[in-house]
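Asks: Build me a structure from this.
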Amino acid sequence: MFLFSASWRPFTAAFTPSSLNANALSACLEEGQRRAFEAVRRLALETGIAIYLVGGPVRDALLGARVLDLDFAVEGDAPAFARRLSERLNGRVTIHERFGTATVSAHGIRTDFVTARLESYPSPGRLPLVTPGSINDDLARRDFSVNAMALPLAPNDGYLLDPLGGFDDLKAGAIRTLHRGSFVDDPTRMMRAVRYEQRFGFSIHRHTLGEISEAVSAGHMDTVSGDRWRHELDRVLEEDNPLAPLVRATELGLMTGLHPAFAKLRTIRESGFGRMVTAEKSGNRVKPETCFPALFSPLSGTEAEGVIRRLSLPERQAALARDTIELRESEAQIRAASGRPSELVRVLAGVDPAAVSAWAELSSDEVVANALRQYVSDLRFVKPELSGVALLQMGAAEGPEIGRVLAGLRDARLDGRVVNREEEVSLARDWLARSGADLTK
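Replies: Residues are numbered from 1 along each chain as shown. Here you go, the predicted model:
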């Protein structure tokens, strides 16, 4: 097996449960976030509404990491609170009444609010039914213990609220679910477990690993729509090093659960994905943008179309997947064209440059890889100095002849047969004088 798991990095808390309060957290926020945080705090104090900073920002503050998001739980009407905050900040508010959630965007900062709630799942993989609840109810519905901590802001500032052992799991470097049915209720949490594990250098708790295995074996991943799985996959791809969670997800059977074709990510070591893993293990950092095309590198065209349908990939991603496979299957042509730039440009015409860049990193053929790099960095931008208007002034007939001559001049530029405007003019006049001449000579 060529895959690898996270290695735990020792954890030293930036705060302790008795030292992290609203003042301490505010001091470690960036300026724009601090203004938004203090505005929430003031409004909560004025209204007497119980509000808590919850989840990721509390976790990240304890880790001493940069706080990326501001997420609040309100014991009361979160959308109403968000509307008032938006008016005060002269911002924009987005309301989702069904789930009692709201987002306020003001001065480049986004703050998210949720009504503290209970959740119940009508069937595996379905979106939950929600009813208002307490902050303890809200923490108990969350995915992992490290995300189930809260910091009270009002009516009385207090210290860390941690009823489910999140701080202890942070110290232990453990990703742990809150109940055995967590992955049955919401199978997308499995991909999140992998993402957090790899981001923080933690380890998924052994009981949680067992729950993942059971959920995958029971086919619970099939209960979730392709759109929701694509959203989770996109979030993995947005990580600083997406290869690590992709490898771990493959190891745990999650990628095969997304689509059976992804079993090849484990079994074909000489695929682009396998070579990328080998490079990473050798200390050569893989470009994040290469990871999505690499997933399709061992797949057939038919298998790729199945994945595209299952994940409801948008056209941009679907084209990137298809072009990756086309490049793999065209390596002999690319190698043959590598000595003649104009022919290489023709072979690669219409292929997404992002796919070309990725395959330059994924190919095992150094001649092919170098040709693709040259195309991306230089050859695709080459064009003649002469324009269609200039050719008309030289006596060219309107219509297809203009395009034919311009294409010929581009090829001449690419192959070094002309190097400046004067040589282009001379060559074009010769071609026009010999109507129908072979423009490759």
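Asks: When you work out contacts or count neighbours from here on, use the C-alpha atoms and nothing else.
Replies: Will do.
Asks: Could you list the domains of this structure?
Replies: Following automatic domain parsing, one finds the domains of the chain at 22-172, 173-234, 320-381, 388-433.
Asks: Identify the bridge partners of Thr103.
Replies: Per DSSP bridges, the residues bridged to Thr103 are Thr94, Asp112.
Asks: So it sits against Glu97, correct?
Replies: No. The criterion here is C-alpha atoms under 8 Å, and Thr103 misses it with Glu97 at 11.5 Å.
Asks: higher neighbour count, those two?
Replies: Legend: neighbour count by other C-alpha atoms under 10 Å for Thr103 and Glu97, higher for Thr103 (21 against 10).
Asks: and Val286, that's in a helix?
Replies: No. Looking at Val286 with DSSP: H, G, I helix; E, B strand; the rest coil, it is coil, so not inside a helix.
Asks: What count of nearby residues applies to it?
Replies: When neighbours are defined as other C-alpha under 10 Å, Val286 has 17 of them.
Asks: so who does it touch?
Replies: Going by C-alpha atoms under 8 Å, 6 or more residues apart in numbering, Val286 touches Asn241, Leu243, Met276, Ala279, Glu280.
Asks: Weed out the non-buried ones from those residues.
Replies: Those of the contacts of Val286 that meet the buried threshold are Asn241, Leu243, Met276, by 16 or more other C-alpha atoms under 10 Å.
Asks: so how far is Ala244 from the last one?
Replies: Going from Met276 to Ala244 by C-alpha to C-alpha, to the nearest Å gives 11 Å.
Asks: Wasn't Phe72 part of a helix?
Replies: No. According to three-state DSSP, Phe72 belongs to no helix; its state is strand.
Asks: how close does it sit to Asp138?
Replies: For Phe72 relative to Asp138 (C-alpha to C-alpha), the value is 11 Å.
Asks: Comparing the two, which residue is more hemmed in?
Replies: Phe72 (27 against 22).
Asks: returning to what we had before: got CSV for the buried ones among the contacts of Val286, with pLDDT, distance to Ala412 and secondary structure too?
Replies: Below are these laid out as CSV (pLDDT from 0 to 100; distance: C-alpha to C-alpha, whole Å; DSSP: H, G, I helix; E, B strand; the rest coil):
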residue, pLDDT, distance to Ala412, secondary structure
Asn241, 91, 42, coil
Leu243, 94, 41, helix
Met276, 85, 37, helix
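Asks: As TSV, these with distance to Glu214 would be great.
Replies: Shown next, in TSV, are those (distance: C-alpha to C-alpha, whole Å):
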residue	distance to Glu214
Asn241	27
Leu243	24
Met276	29
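Asks: Glu366: neighbouring residues, count only.
Replies: Around Glu366 there are 12 other residues, counting by other C-alpha under 10 Å.
Asks: now the one 3 residues further on
Replies: Around Ala369 there are 23 other residues, counting by other C-alpha under 10 Å.
Asks: which stretches of the chain form strands?
Replies: 50-54, 70-75, 92-96, 101-106, 109-115, 117-120, 129-132, 150-154, 174-175, 203-204 (DSSP state E).
Asks: from the chain's centre, how far out does the fourth one sit?
Replies: Shown here is strand 101-106, whose average C-alpha point lies 22 Å from the average C-alpha point of the whole chain (C-alpha atoms, centre = their mean, to the nearest Å).
Asks: Export only the CA atoms of that strand, formatted as CSV.
Replies: In CSV, the C-alpha atoms belonging to strand 101-106 read as follows (Å, rounded to 0.1, in the frame of the first residue of the first chain):
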residue,chain,number,x,y,z
THR,A,101,-29.6,30.5,10.1
ALA,A,102,-28.3,33.9,8.8
THR,A,103,-25.2,35.4,7.4
VAL,A,104,-24.2,39.1,7.7
SER,A,105,-21.6,40.5,5.4
ALA,A,106,-20.3,44.0,6.2
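Asks: which one is Leu320 nearest to, not counting chain neighbours?
Replies: Excluding the flanking residues, the one nearest Leu320 by C-alpha to C-alpha, 6 or more residues apart in numbering is Ala355, at 5.7 Å.
Asks: Quick check: that neighbour touching Ile325?
Replies: No. Using C-alpha under 8 Å, Ala355 is not in contact with Ile325, being 9.2 Å away.
Asks: Which one's more surrounded, the two?
Replies: Ala355 (26 against 21).
Asks: Spit out the contact partners of the more buried one.
Replies: Neighbouring residues of Ala355 by C-alpha under 8 Å, 6+ apart: Pro293, Leu320, Ala321, Asp323, Thr324, Leu327.
Asks: out of the residues you listed, who has the most neighbours?
Replies: The most crowded member of these is Thr324, carrying 30 neighbours; neighbours defined as other C-alpha under 10 Å.
Asks: Check what pLDDT that one gets.
Replies: On pLDDT, Thr324 comes in at 96.
Asks: Give me the distance between the residue lying closest to it once chain neighbours are set aside and Ser338.
Replies: Distances taken as C-alpha to C-alpha, 6+ apart place Ala355 nearest to Thr324, at 5.5 Å, with adjacent residues excluded. Going from Ala355 to Ser338 by C-alpha to C-alpha gives 17 Å.
Asks: likewise Leu68?
Replies: Separation of Leu68 from Ser338 (C-alpha to C-alpha): 45 Å.
Asks: returning to what we had before: tabulate the strands of the chain (TSV), appending mean pLDDT and distance to Ser86.
Replies: As requested, these are exported to TSV (pLDDT from 0 to 100; distance: least, C-alpha to C-alpha, whole Å):
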stretch	mean pLDDT	distance to Ser86
strand 50-54	95	16
strand 70-75	96	14
strand 92-96	94	6
strand 101-106	95	6
strand 109-115	96	10
strand 117-120	83	22
strand 129-132	83	22
strand 150-154	90	18
strand 174-175	96	35
strand 203-204	96	39
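Asks: Any chance of TSV for the ones you listed, columns distance to Leu313?
Replies: Formatted as TSV, the strands of the chain follow (distance: least, C-alpha to C-alpha, whole Å):
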stretch	distance to Leu313
strand 50-54	32
strand 70-75	29
strand 92-96	25
strand 101-106	26
strand 109-115	27
strand 117-120	29
strand 129-132	27
strand 150-154	36
strand 174-175	29
strand 203-204	29
